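Visitor: My questions are about this predicted structure, shown below with the sequence.
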Amino acid sequence: MITHTVGLALAASSSTESGVSVREIASGKLIYMDKMFSINDLEIFFDNYNNLKNSLICVSLPWDNTMLEGKWRVLSKQYQLVNGNEKFLNRDNWMQRFSSRGTELLNNVAERCNKIYRYEVYLARQKLNLYSNYKEHSSADCKFLQNILRKEYGFEELPLNMIPAAQLEAIIGNIVADKALKSETTKIFEFKGLDVINPI
């Protein structure tokens with residue numbers, strides 16, 4: 001029986017923070033939030049997390065920023081239709097938009113937990129009406145997201161002072177996990193053996 005949801009906003013590298021949040025389904029409250037940097041930190045978290053068998057986990061897909069230069073950065077934006085377009089040649093695998101960071105860890109966790117999914121932060125924000133007109137990860141965007149999570153989605157335990165963007169994106173993972181429990185998600189593709197889902 002699933003009693004908890006875990007949201008994990010995985011960063012593209014260890015130089016930026018990853019966020020994790022745990023929500024208890026019965027009370028609807030966030031019982032744990034933290035930020036981590038290395039895959040080692042995440043391994044320690046999952047090794048010490050007691051409710052792994054009773055949890056549904058949603059992990060974000062980090063963007064792969066290592067190979068994009070010049071015109072390829074423009075051409076590889078998420079709104080460009082590149083698959084099947086013969087004008088765009090896949091040189092140096094630039095069409096791979098997501099990083100495979102943490103794949104081995106997630107495969108280990110998948111064997112020990114109830115269910116694990118991936119989600120794409122920006123698509124989920126659009127579907128859940130959490131997208132602002134501010135620059136992504138700016139202080140105004142984070143404040144907007146934090147306020148709407150408190151008011152519209154009932155996360156009243158969030159403090160009034162600002163929390164890191166990674167933790168806010170991890171909470172989006174909790175919302176996506178709740179939608180998955182209610183069968184209100186759809187599979188959009190598969191990445192490294194795990195289904196990537198998005199709210200309907």
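Guide: Structure's in. What do you need? Residues are numbered from 1 along each chain as shown.

Visitor: immediately after the helix or strand of the chain with the lowest mean pLDDT, which helix or strand?
Guide: Across the helices and strands of the chain, the lowest-confidence element by mean pLDDT, DSSP states H and E is helix 71-75, at a mean of 57. Using DSSP states H and E, the helix or strand that directly follows helix 71-75 along the chain is helix 103-112.

Visitor: How about that following helix, which residues are buried there?
Guide: The neighbour-count check on helix 103-112 (16 or more other C-beta atoms under 10 Å) flags 105-106, 109-110 as buried. Every C-beta, even on glycine, is put in place using the N, C-alpha and C of the backbone.

Visitor: Export those residues to CSV and append columns for distance to residue 180 and pLDDT.
Guide: Shown next, in CSV, are the buried residues of helix 103-112 (distance: C-beta to C-beta, whole Å; pLDDT from 0 to 100):
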residue, distance to residue 180, pLDDT
105, 20, 93
106, 16, 94
109, 16, 94
110, 15, 93
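
Visitor: Which pLDDT does the model give the spatially most central residue of the chain?
Guide: Closest residue to the average C-alpha location of the chain: residue 60 at 2.3 Å, with C-alpha atoms, centre = their mean. pLDDT for residue 60: 96.

Visitor: And for the one 5 residues further on?
Guide: In this model, residue 65 is scored at 68, pLDDT.

Visitor: for residue 177, same thing?
Guide: For residue 177, pLDDT reads 96.

Visitor: same thing with residue 99?
Guide: pLDDT at residue 99 comes out at 84.

Visitor: I'd say residue 97 and residue 64 touch.
Guide: Yes - assessed by C-beta atoms under 8 Å, residue 97 is found in contact with residue 64 at 6.1 Å.

Visitor: Quick check, pLDDT for residue 16.
Guide: 88.

Visitor: For it, list the residues it contacts.
Guide: By C-beta atoms under 8 Å, 6 or more residues apart in numbering, the contact set of residue 16 is 37, 166.

Visitor: So it belongs to a strand, correct?
Guide: No - Residue 16 is assigned coil when assessed by DSSP: H, G, I helix; E, B strand; the rest coil, not a strand.

Visitor: Break down the chain into its strands, ranges please.
Guide: Ranges of strands within the chain are 4-9, 18-24, 29-36, 55-60, 115-119, 185-191, 194-199, based on DSSP state E.

Visitor: for those strands, which one sits closest to residue 127?
Guide: strand 194-199 (4.4 Å; C-beta to C-beta).

Visitor: how about the strands of the chain in JSON lines, adding distance to residue 149?
Guide: What follows is those, written out as JSON lines (distance: least, C-beta to C-beta, whole Å):
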{"stretch": "strand 4-9", "distance to residue 149": "11"}
{"stretch": "strand 18-24", "distance to residue 149": "11"}
{"stretch": "strand 29-36", "distance to residue 149": "10"}
{"stretch": "strand 55-60", "distance to residue 149": "15"}
{"stretch": "strand 115-119", "distance to residue 149": "16"}
{"stretch": "strand 185-191", "distance to residue 149": "19"}
{"stretch": "strand 194-199", "distance to residue 149": "15"}
